[in-house]
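In: Sequence and predicted model, in that order:
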Amino acid sequence: MPCVAACRPWEASCLPAEVAGHDRRTDKVREIITLQCPVCKNRNYSTTKNKKTTTGRLEFSKFCNTCRKHTDHKETK
Ligand SMILES: [Zn+2]
């Protein structure tokens, strides 16, 4: 249901999704990415990145439950 003019903004259920769930200042530049284990190819983690400040692929050392060790998880689409 779209928010109408008579809407009371303090009622969360009344707010449009973009107001209730997201920070509108960063919404347009942050995109959700998935982090994939290079060994077993499992997609174990997801995060967001700012496309304007982060160029290139992200890489994090994360624990992989399948490999039972830390591996260099890389950004994947
Ligand atoms: Zn793994």
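Out: Sure, I can see it.

In: Disregarding flanking residues, what is the spatial nearest neighbour of Cys67?
Out: Spatial nearest neighbour of Cys67, excluding adjacent residues (C-beta to C-beta, 6 or more residues apart in numbering): Val39 at 5.1 Å. Just so you know, the C-beta spots here come from the backbone N, C-alpha and C atoms, and that holds for glycine as well.

In: For that neighbour, grab the count of nearby residues.
Out: 13 (other C-beta atoms under 10 Å).

In: Next: the one 5 residues further on.
Out: By the criterion of other C-beta under 10 Å, Asn44 has 17 neighbours.

In: and what of Thr54?
Out: Neighbour count for Thr54, taken as other C-beta under 10 Å: 15.

In: do the same with Glu75
Out: For Glu75, the tally of surrounding residues (other C-beta under 10 Å) stands at 16.

In: Thr48 bridge partners, please.
Out: Ile32 (DSSP bridges).

In: From Glu31, how far off is it?
Out: Distance, Thr48 to Glu31, using C-beta to C-beta, to the nearest Å: 7 Å.

In: Now do the residue lying closest to Ser46 once chain neighbours are set aside: how many residues are near it, please.
Out: Nearest residue to Ser46, sequence neighbours excluded (C-beta to C-beta, 6+ apart): Thr34, at 5.0 Å. Thr34: 14 surrounding residues under other C-beta under 10 Å.

In: Spell out which parts of the chain neighbour the ion.
Out: Where proximity means C-beta under 5 Å from the ion, the interface of the chain facing the ion comprises Cys37, Val39, Cys40, Cys64, Thr66, Cys67.

In: switch the cut-off to 8 Å
Out: Within the chain, the positions lying close to the ion (C-beta under 8 Å from the ion) are 37-42, 44, 64-67, 69, 71.

In: Could you provide these in JSON lines, with additional columns for secondary structure and pLDDT?
Out: Formatted as JSON lines, the residues of the chain next to the ion follow (DSSP: H, G, I helix; E, B strand; the rest coil; pLDDT from 0 to 100):
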{"residue": "Cys37", "secondary structure": "coil", "pLDDT": "97"}
{"residue": "Pro38", "secondary structure": "coil", "pLDDT": "96"}
{"residue": "Val39", "secondary structure": "coil", "pLDDT": "97"}
{"residue": "Cys40", "secondary structure": "coil", "pLDDT": "98"}
{"residue": "Lys41", "secondary structure": "coil", "pLDDT": "97"}
{"residue": "Asn42", "secondary structure": "coil", "pLDDT": "97"}
{"residue": "Asn44", "secondary structure": "strand", "pLDDT": "96"}
{"residue": "Cys64", "secondary structure": "strand", "pLDDT": "97"}
{"residue": "Asn65", "secondary structure": "coil", "pLDDT": "96"}
{"residue": "Thr66", "secondary structure": "coil", "pLDDT": "96"}
{"residue": "Cys67", "secondary structure": "coil", "pLDDT": "97"}
{"residue": "Lys69", "secondary structure": "strand", "pLDDT": "97"}
{"residue": "Thr71", "secondary structure": "strand", "pLDDT": "97"}
